[in-house]
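[1] Pasting a predicted model and its sequence here:
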Amino acid sequence: MPGPPLLAVEVESPSTKRCDSLFKGDCYQAAGIASRWLVDPLEVTVTVLELRDGRYEQVALGTGGETVEIPLPWLIAFSVASLQD
C-alpha cells in the first residue's frame, strides 16, 4: 500500500468504547489516516473526524433520522438511522 488508509470506520460497543476512542484514535492519528468515523449504534450517532495538522477534529455529527454529509475521503450523504438496518 503506498500510504495510510484514507478512512477508518469504527462501530462502537459499550464494552470497548472508552478504550477504542482513546487508544485507537491515537494510533490512527499517528498513522496519518485522514478520516475517521465513529458509529454508535446504541446512541444512533455518527461522529466524523478529519486529520488536520496532525490531530483529529470533529467536522460532523449526525444523530437519529438526520442526514449527515461527509466530504472526505469521498462525498457521501446518508441517514444515520439507515445504519441500523
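    Sure, I can see it.
[2] In contact with the closest residue to Val80 other than its chain neighbours, which residues are there?
    Of all residues not flanking Val80 in the chain, Gly62 sits nearest, at 4.2 Å (C-beta to C-beta, 6 or more residues apart in numbering). Bear in mind the C-beta positions are built from the backbone N, C-alpha and C, glycine included. By C-beta atoms under 8 Å, 6 or more residues apart in numbering, the contact set of Gly62 is Thr45, Val46, Val48, Val68, Val80.
[3] residues in contact with the residue most central in space within the chain?
    Closest residue to the average C-alpha location of the chain: Trp37 at 0.9 Å, with C-alpha atoms, centre = their mean. Taking C-beta under 8 Å, 6+ apart, we find Trp37 in contact with Leu7, Ala8, Val9, Glu10, Val46, Thr47, Val48, Leu49, Ile70.
[4] Out of these, the closest to Gly32 would be?
    Lowest distance from Gly32 to these (C-beta to C-beta) belongs to Ala8, with 11.0 Å.
[5] in whichever strand or helix holds the closest one, what's buried?
    Element membership for Ala8 (DSSP states H and E) is strand 7-11. If you call a residue buried by 16 or more other C-beta atoms under 10 Å, then strand 7-11 has these buried ones: Ala8, Glu10.
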